[in-house]
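# next come a sequence and a model predicted from it.
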Amino acid sequence: PNSAADKAGLKDGDVILEINDRPIDEDHSLARELQRYAPGTEVTLKVHRDGEDLTLKATLEEFGVSTT
């Protein structure tokens, strides 16, 4: 609760396909792509959920920091 993922609308089972139009795959890990951005940066995520592709916006937070 209250994580950047939660605030962006990500749900359990979602598969992140892209971050800012950059693919997430075996050659481009999510962790590596996230390192390209500073905390506070808004990114666009392409997510696959329940047979549909969705576009969500997320504002990145510092790893391990809760805003509760």
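Done, it's in. All values reported here derive from a predicted model rather than from experimental measurement.

# any low-confidence regions in this protein?
The model of the chain has pLDDT under 70 over residues 64-68.

# rerun at 90
1-4, 62-68 (pLDDT under 90).

# how about the most centrally placed residue in it, phi and psi?
Computing the C-alpha centroid of the chain and ranking residues by C-alpha atoms, centre = their mean puts L45 first, at 5.5 Å. Per-residue torsions, L45: phi -110, psi 130 (degrees, to the nearest 10).

# from now on call the first residue 46
Renumbered: residue one is now 46, and that last one reads L90.

# residues contacting it?
Residues near L90 by C-beta atoms under 8 Å, 6 or more residues apart in numbering: A53, L55, I61, E63, I64, T100, L101, K102, A103. The C-beta positions use only the backbone N, C-alpha and C, and glycine is treated the same way.

# and the fifth one, how far from P46?
Taken as C-beta to C-beta, to the nearest Å, the spacing of I64 relative to P46 amounts to 22 Å.

# these two - which one has more neighbours?
Between I64 and P46, counted using other C-beta atoms under 10 Å, I64 has the larger neighbour count: 20 against 6.

# beta-bridge partners for that one, please?
With DSSP bridges applied, I64 shows beta-bridge pairing to R67, L90.

# good, wrapping up.
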